[in-house]
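>>> fold the following, please.
(chains A, B and C)
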Amino acid sequence: MKDPAVQHDAEIGQTEVKETTCYMCACRCGIRVHLRDGQVRYIEGNPNHPLNKGILCAKGSSGIMKQVSPARLTKPLRRKANAKRGESQFEEISWDEALTMLSERLGHLRATDPKKFALFTGRDQMQALTGMFAKQFGTPNYAAHGGFCSVNMATGMIYSIGGSFWEFGGPDLDRAKLFIMIGTAEDHHSNPLKMALSKFKREGGRFIAINPVRSGYGAIADEWVPIKPGTDGALFLALTHEILKLGLFDRDFLIQYTNAAELVIDDPARDDHGMFVRDESIDVTRGCTDPQDKFWWDRNRGAVLTHSEGADPRLLGGYTMPDGTPVKTSFQLLKERVEPYTPEWAESITGIAAATIRRLAHEMGVMARDHKIELPINWTDAWDKEHDRVTGNPVAFHAMRGLAAHSNGFQTIRALSILMTVLGTIDRPGGFRHKAPFPKPIPPCPKPPHSPDAVQPNTPLDGLPLGWPGRPEDLFVDDNGEPVRIDKAFSWEYPLAAHGLMHNVITNAWRGDPYRIDTLFLFMANMAWNSAMNTVETRNMLTDRDENGEYKIPFLVVCDTFASETVAFADLVLPDTTYLERHDVLSMLDRPISEFDGPVDSVRLPVLPPKGECRPFQDVLIELGARLNLPAFTNQDGSAKYKNYPDFVVNYETSPGSGIGFLAGYRGKHGDKSLKGEPNPNQWEQYAANHCVFHHELPRSYQYMRNWNKGYLHWARAHGMTRWAEPITLHLYSEVLQRFRAAAQGKWPGRQPPERYRKRIETFFDPLPFYYDPLETQRVDTKRFPLTALTQRPMAMYHSWDSQNAWLRQIHSHNYLFVNPKMAIAQDIKDGDWIWVESHLGKVKCMCRYSEAVEPSTVWTWNAIGKGAGAWGLSAKADESKKGFLLNHIISEELPVVSADGKQVLSNSDPLTGQAAWFDTRVRIYKAEAREARVTEPQFPPMKTLPGQLARPKQRWQAYVAGLFGRR
Amino acid sequence: MHPAFSVIFLTTLIGAGQGLFLALFTGQLYSTVRLVEQQPSSFYAVGSALSLALLVGGLAASFFHLGRPERAWRAAAMWRTSWLSREVIVLPAMMGLVFLYGVFHWAGWTQPWLVLGEGALTIDATFVLGMLGVLVALVLFVSTGMIYASVKFLQEWSSPYTIANFIFLGTASGFMLAAAYSALIGNNLVSFFGTWAVIATLLGLGTRSASLMRNATLKHRSNLQTAIGVRHRGIVQKSQGFSADSFNTREFFHHQSLRTLKLIRVAFLILVFPVPIMLVLLGYQLQSTTLPILAFAIQYLGLLAERWYFFAEAQHPQNLYYQQVS
Amino acid sequence: MTQLALVIDLNVCVGCHACVTSCKQWNTSGWAGPMVDENPYDANPTGTFFNRVQTYEIGSFPSTETVHFPKSCLHCEDPPCVPVCPTGASYKREDNGVVLVDYDKCIGCKYCSWACPYGVRELDEQQQVMKKCTLCIDRIADHTLPEPERKPACVMACPTNARLYGDVHDPDSEVSVAIRERGGYALMPEWGTNPANHYLPRQKTHMHVTEEDLQRSDNPLTKEDITVYQGEETMEDVTW
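Presented below is the predicted three-dimensional model:
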């Protein structure tokens, strides 16, 4: 061999380096793709990228195997005329045939009943376009995967503090000294969090992980606090109880920046009970913001308008307004609420010792109080008060699906937001910090349509398909209060379903409740497998027919890059490209990659040509939009407005002359304007020249306290981020929720829920956080199902929703159910035994693995390792289908029907937001019989290889060498 | 360790080959000083050919162990440091000497070069070749043994017993074969070789039992604490880092049950030691010509089991890192 | 003499496997490649990796530690695998101490793997030669690369910077300082192999809250201590 010191890698073959953005998961790291003779030689993190600063995870480093995956689709396909759905029998067709077929069908639907077309997308990185397409089409039936991901986190926090974790904000680990991570959250902002966590630990920060399982980042925590699943709310309430009791809260912060000291009407007899006392006569901004017309109780002057000059308001207490109205401060109501939530009470629910809960509360409170951060940054608050410093309390939190994926998740996350707020850690150094375009008003201004009239033939939807209801009038219901959307989002059943309920779409459409649809278009959503709850039945629904022999869901379009389990059920398959073959934008209109210090958006640029006849999904949507004559995609003369997606991105403006488009950077004719500006024909080139990123760093005085930072709020308004420059007071007490409760109690002057929802709304729309057992727990026999089954994604597969990667699958080719040995031994289950896991819905067979790092009432497994036989280009004998299993089979999409619910069928979701309650699943486990086959169950008939699908290598070896692979 | 049949055959075949050569030359020495009857040159020539065949067979088996046998010649390069390299040099030397020894006998090039003690000891070319052969055979035994004994963290192997076992068991099987050979051709050296075979087998029994006893109570110096550097008694691997197998799980684990292991140990302890000894003694009593042949065959079979167990018994410290999939 | 090595910080390694696949992608097309995969889309997928991340549980519930443990060739200063190689294919570079295999000389006898207590050598089952971590010799020795990129791919990729790289013989290098100040240790010291790679142990940050911290005069509750007389009965009404 040649001495490696004298043979240089770049001299082998024709080499070049191209920059783009990773898409092996949701992180969106900057990458540099090295090519050798047109094949990918090496993908490395882009050191000039603000998000990952040169590092790259296991998935990003395995992008090469995505390019050579045998699961790759390369041709548009149509289900053979005489083949049954689900048998994966297809014939190749041309794109023209495919789009003609689709536009004829959709054109008819649009002209007759647009809501019969439903578009649901799995991955979230192009919602700006997909949402716009749905709106232009005129269907309300659109959402992405947020409803079964973390909508509770988004809503729970946004309805409390005007921002949320991940894309919208996160823990400031650069300055925090105590970091508490609760539940599984690793897969959200994973690389930046890894980087920050490492730095945090090295600088001596204290890291506490509260989680039923010690894995992921919790492995390197200084302390692991095991907790029973779904009981986090009880913990937060008890922590708040202790912090309030000992006076460890940040009084000044609460008074100035939250509604803690604001006065709430406290007279259950009155219709406005629970509403803030307001002076509606005064002249304040009354848009969708929180008007500044509320009162404090000044210790000398009594009731005064909030932020009155020289006021010294009481934080606690009940008072009587001059007109005799009895009032209490929000904080008083909170204090009364948490009174019974003692650490001892929480111990019995969470399994965490009361002494530990007290200690945690003390650590948080004392750290927040005694290690104040002061930064010499001048800023002006929304009430024109100048400050010569920014201060902060160095206690940071992070949480995501672990909290969100429970049916009590919204109130739990409200409780967490309030805990963070009483510690005074919102948008301050060392605590939680927002990312542009957040913070937004509570709740944000966009609203869903509020009547069925919004849906009209051949007309765009009147309103946005998704939004943030602030009052019953914002609900998307008909005159009878019944849902308009297929997923029942924004109905009285799930009023705050800001991300929709994708997990109920197939069941609802199959059952015809609320109605039947014609065409279901799924993009990158594996709804016949790991994206669905109750997988077995979901697959049956997709193939079920009515009495006329028609499929109950008549037409199913699937757009995907790979032969997923869902592709087998399609009537029409559209082959998408991989991330290395396309233009993409990570847009400010969707979920950008902003940093704490200012807005950031970025792009993907193709580094390879599309394989076969693959077309980027966005191009397809734009062409389809033009074929359907959707106004935004069509010129007056009916011709297509945009050549393709890159052309669209450059030239599209949210409204003519708005200066706001999909990309915020390098706008204006010469590319010298930011955030707003006329289209720039060279915008893509300028992104390419700037590492695919636009990063606008705010002045330091705009980087903190943004909810109340006058400079920032005005800047945000001027740059089109928000409509208002009003302060965003934190909602310790949620009047928004109280409005819905009042409606349920018959006290709201406007819309009221149908009878069958009154009790539900009254119970769950509590303006203060409270704890309740997860809904499934309330409805199943917990003696029969004593355990809770959880899943999480292994780090090498976080969010890696597509392609079965030849390298990554060697790390996790199959999965086990992790069980606490003490619990297992009691049932005579040995490490490695085959066992059955049974829920009220059904059972799966798998292997078990002992783990001392799991709380005894919890069992868990790696999610989405198990695959359907033959799917994803794998052989039918692959470990994924024979030894791997999917827990989804026994996770129900609906709650057991009980008389307490009036025998209604309800989604297994949070009753406020419709968030899928994946982690509420109650199970029991027992040993499989010795005579039972050593194979996981259920098993499905193997999926066939599709026409045009890339083939598996014929020999058993695969040796990838860039420049030579497949060419020798 | 995973018992590779290539290496099992290599070591047992060349062991028997070396032993057979030692037996032939022992016979020659005894006959030179007239303690046993003179044998025709064909006895030595055919015997040498048999020994050579075993050595060649062993060498051939060893090629199956190599990933790139066409490059085997390179293996002689590092004789200064590598016992494997030394074996690679010594084995052909041994084969050469055995070949010459046989050829000289066959050709009758046995003119005395030196006669000592008034004819009590005549030294000819075969004597010199034989003495050289004995020396080289011993070096080969040591080289082969040291390949295993020199890997100090394979504690089951890293002991003088390993060398002793290779020497005694190889010698035993060689003498056993010489006895069988004599029985087959019907000469009167059956009991001579048989006796020495019994002696070597008994010596082997001693050293092999000693090594078994040593290994039974062996305290491994490496454990999970030293492997990952964490001081705690309760360390359990949860994931080896991959789901299926790998070179590390294929090469270093026997993948057999403890029961199989015990069975093989009992089998070799019976087949290598008591059975051949009894057969030899019985053959002596019954003047049987088949029993010594059976004795060799059974002992060789036993040695295959012994060598299998030798590998399977050795616990490589790397195995600490490859315990669990999840 | 220079001895390049990795120092792996178990205190921050979260077990993400970034080092595993970044190594694979760099090296499969590099000097040490290919790194072949067997059954890549079938049952029992297996292949050559120079670096693996393992997971250990320490202690029992609830005092459990989960340790993620990356392991690759430790580039021993006295590598037992080198002298046993019969062909000289395994060698230790004199200029930087990296232990390498020359595939052209390797006969695939696997003896070096037997002679390694750490299980870090893997036979390429297709090419039938021994392969192992090269510390990305074709990166670190490539002077056409910009200086900051002359590091192993795993080090470049590691999201938690848990992999420090440098000369352990230079007392002022980052790695030497880390070993010295953070209790860096070698694996299986009992065999005298003198691994150049070291591991940094877990460290815990604790917080102590005292009674004084909880009872302070500036407690904000004192500001809310409001007791307004509403005409209710007091002791002054009933006694004197």
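>>> leaving out sequence neighbours, find the closest residue to the residue of chain C found nearest chain B.
Nearest residue of chain C to chain B (Cβ to the nearest Cβ) works out as residue C:108 at 1.9 Å. All C-beta atoms are positioned from the backbone trio N, CA, C, and that covers glycine. Counting by Cβ to Cβ, 6 or more residues apart in numbering or on different chains, residue C:108 lies nearest to residue B:67, which is 1.9 Å off, once chain neighbours are set aside.
>>> give me the secondary structure label for the one you found.
Under DSSP: H, G, I helix; E, B strand; the rest coil, residue B:67 falls in the coil class.
>>> likewise for residue A:556?
From three-state DSSP, the assignment for residue A:556 is strand.
>>> buried set for stretch A:678-694?
A:679, A:680, A:683, A:684, A:686, A:687, A:690, A:691, A:692, A:693, A:694 (16 or more other Cβ atoms under 10 Å in any protein chain shown).
>>> hmm, who's touching it?
With contact meaning Cβ atoms under 8 Å, 6 or more residues apart in numbering or on different chains, stretch A:678-694 is reached by A:19-21, A:30, A:46, A:48-50, A:583, A:599-605, A:646, A:649-653, A:657, A:659, A:661, A:663-671, A:673-674.
>>> ChimeraX command to pick out the buried ones of these?
The buried residues among the contacts of stretch A:678-694 can be selected in ChimeraX (16+ other Cβ under 10 Å) with this line:
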select /A:19,20,21,30,46,49,50,583,599,600,601,602,603,604,605,646,649,650,651,652,653,659,661,663,664,665,666,667,671,673,674
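>>> how much space between residue A:390 and residue A:260?
With distances taken as Cβ to Cβ, to the nearest Å, residue A:390 is found 21 Å from residue A:260.
>>> kindly apply the preceding question to residue A:934 instead.
59 Å.
>>> is any residue of stretch A:575-593 near chain C?
No - Stretch A:575-593 lies apart from chain C when judged by Cβ under 8 Å from any Cβ of the partner chain; the minimum separation is 13.4 Å.
>>> average pLDDT for that stretch?
The average pLDDT for stretch A:575-593 rounds to 95.
>>> now the end-to-end length of it.
This stretch, stretch A:575-593, spans 27 Å end to end (Cα to Cα, to the nearest Å).
>>> please state the offset of that stretch from the chain centre?
17 Å (Cα atoms, centre = their mean, to the nearest Å).
>>> now stretch B:34-43
26 Å.
>>> got the buried residues for that stretch?
Per 16+ other Cβ under 10 Å, stretch B:34-43 contains these buried residues: B:36, B:39, B:41, B:43.
>>> show me the two of those that sit farthest apart.
Greatest spatial distance in the buried residues of stretch B:34-43: B:36 and B:41, 15.5 Å, computed using Cβ to Cβ.
>>> one step back: the residue of chain C closest to chain B sits in which helix or strand?
Take DSSP states H and E as the rule and residue C:108 turns out to sit in neither a helix nor a strand.
>>> I'd say it and residue C:128 touch.
Yes - using Cβ atoms under 8 Å, residue C:108 is in contact with residue C:128, at 4.2 Å.
>>> residues that sit against both of these two, list them.
Shared contacts of residue C:108 and residue C:128, counting by Cβ under 8 Å, 6+ apart, come down to B:66, B:67, B:68.
>>> closest one to residue A:455 out of those residues, please.
Closest to residue A:455, out of all of the shared contacts of residue C:108 and residue C:128 and judged by Cβ to Cβ, is residue B:67, at 69.1 Å.
>>> quick revisit: which residues are in contact with the residue nearest to residue C:108?
Counting by Cβ under 8 Å, 6+ apart, the residues that residue B:67 touches are C:106, C:107, C:108, C:109, C:110, C:123, C:127, C:128, C:129.
>>> and residue B:138, by the same measure?
If you count contacts by Cβ under 8 Å, 6+ apart, then residue B:138 has residue B:167 around it.
>>> distance between the helix or strand that contains it and the chain's centre?
In this assignment (DSSP H and E), residue B:138 forms part of helix B:125-149. Relative to its chain's centre, helix B:125-149 lies at 12 Å (Cα atoms, centre = their mean).
>>> buried residues of that helix, list them for me.
Neighbour-count burial for helix B:125-149 flags B:125-127, B:129-130, B:132-134, B:136-149 (criterion: 16+ other Cβ under 10 Å).
>>> over to stretch B:239-256?
B:239-249, B:251-254.
>>> and stretch A:439-452, how far out from the chain's middle?
17 Å.
>>> hang on, I meant stretch A:164-181
With Cα atoms, centre = their mean, you get 17 Å for stretch A:164-181.
>>> list the buried residues in it.
Using 16+ other Cβ under 10 Å as the test for burial, stretch A:164-181 gives A:164-173, A:175-181.
>>> which single residue in the stretch 151-300 of chain B comes nearest to chain A?
For the stretch 151-300 of chain B, Cβ to the nearest Cβ, closest residue to chain A: residue B:243, 3.8 Å.
>>> which residues touch that residue?
By Cβ under 8 Å, 6+ apart, the neighbours of residue B:243 are A:809, A:810, A:811, A:812, A:813, A:814, A:879, B:325, C:45.
>>> any weak-confidence spans in the chain?
Defaulting to chain A. Where chain A drops to pLDDT under 70, the residues are A:124, A:968.
>>> chain C was what I was after
For chain C, the stretches with pLDDT under 70 are C:226-228.
>>> any chance you could map the helices in it?
C:18-28, C:81-84, C:111-114, C:137-140, C:153-157, C:174-181, C:211-214 (DSSP state H).
>>> could you dump these into TSV with distance to residue C:99 added?
Listed next are those as TSV, based on distance: least, Cβ to Cβ, whole Å:
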stretch	distance to residue C:99
helix C:18-28	15
helix C:81-84	7
helix C:111-114	10
helix C:137-140	10
helix C:153-157	16
helix C:174-181	17
helix C:211-214	53
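>>> pick the most buried one from these.
helix C:18-28 (a mean of 29; mean count of other Cβ atoms under 10 Å in any protein chain shown).
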